[in-house]
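Enquirer: Fold the following for me, if possible:
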Amino acid sequence: MTTCEHEHFKANVRVGRLTRGDDGPVTGYSADVTVACAECGLAFRFIGIDAGNHFAEPRVSVDGTELRAPIEPATHEKFAPRASYAFPGRRGH
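Expert: Presented below is the predicted three-dimensional model:
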């Protein structure tokens with residue numbers, strides 16, 4: 001058990017280009033995100049997201065410490081925002 005209060009964080013983002021085959025055309029993009037405590041190095045998990053890989057929906061690594069989120073250039077016109085949600089009991093955060 002750690003006594004660290006986890007007050008400072010570091011995040012890493014890797015952006016990948018998804019293709020059909022090794023030399024195929026680019027079919028999409030993915031942002032792979034990790035977060036850890038900057039002081040003790042403890043990795044943080046992403047919660048509430050299925051594990052695995054998917055070209056159009058966010059997923060996490062098997063241990064939950066890497067978010068794999070599909071992204072696209074903001075110029076794409078097919079964007080349709082999803083409904084937002086709130087975390088019960090977490091006001092002011």
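Enquirer: Residue 70 pairs with what?
Expert: Beta bridges link residue 70 to residue 30, judged by DSSP bridges.
Enquirer: Return the residues in contact with it.
Expert: 28-30, 54-58 (CB atoms under 8 Å, 6 or more residues apart in numbering). Where you see a C-beta, it was placed from the backbone N, CA and C, and this is true even at glycine.
Enquirer: Need the per-residue pLDDT for the residue nearest the centre of the chain.
Expert: The residue lying closest to the centre of the chain (CA atoms, centre = their mean) is residue 67, at 3.0 Å. We have a pLDDT of 98 for residue 67.
Enquirer: Can you pull out the low-pLDDT segments for this protein?
Expert: Scanning the chain for pLDDT under 70 picks out 1-2, 76, 78-93.
Enquirer: I'd say the residue nearest to the centre of the chain and residue 57 touch.
Expert: No - between residue 67 and residue 57 there is no contact under CB atoms under 8 Å: 11.6 Å.
Enquirer: overlap in contacts of those two?
Expert: Shared contacts of residue 67 and residue 57 (CB under 8 Å, 6+ apart): none.
Enquirer: all strands for this protein, in order.
Expert: With DSSP state E, the ranges of strands along the chain come out as 9-19, 26-37, 59-60, 67-71.
Enquirer: Tabulate the ones you listed (CSV), appending distance to residue 49.
Expert: Below are these laid out as CSV (distance: least, CB to CB, whole Å):
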stretch, distance to residue 49
strand 9-19, 16
strand 26-37, 11
strand 59-60, 5
strand 67-71, 7
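Enquirer: Which one of those lies nearest to residue 44?
Expert: Minimum separation from residue 44 across these (CB to CB) falls at strand 26-37, 4.4 Å.
Enquirer: Contact partners for the closest residue to residue 7 other than its chain neighbours?
Expert: In space, and not counting its chain neighbours, residue 7 is closest to residue 39: 7.2 Å by CB to CB, 6 or more residues apart in numbering. Listed by CB under 8 Å, 6+ apart, the contact partners of residue 39 are 4, 6-8.
Enquirer: Pick the one among the residues you listed closest to residue 35.
Expert: Using CB to CB, the contacts of residue 39 come closest to residue 35 at residue 6, 10.2 Å.
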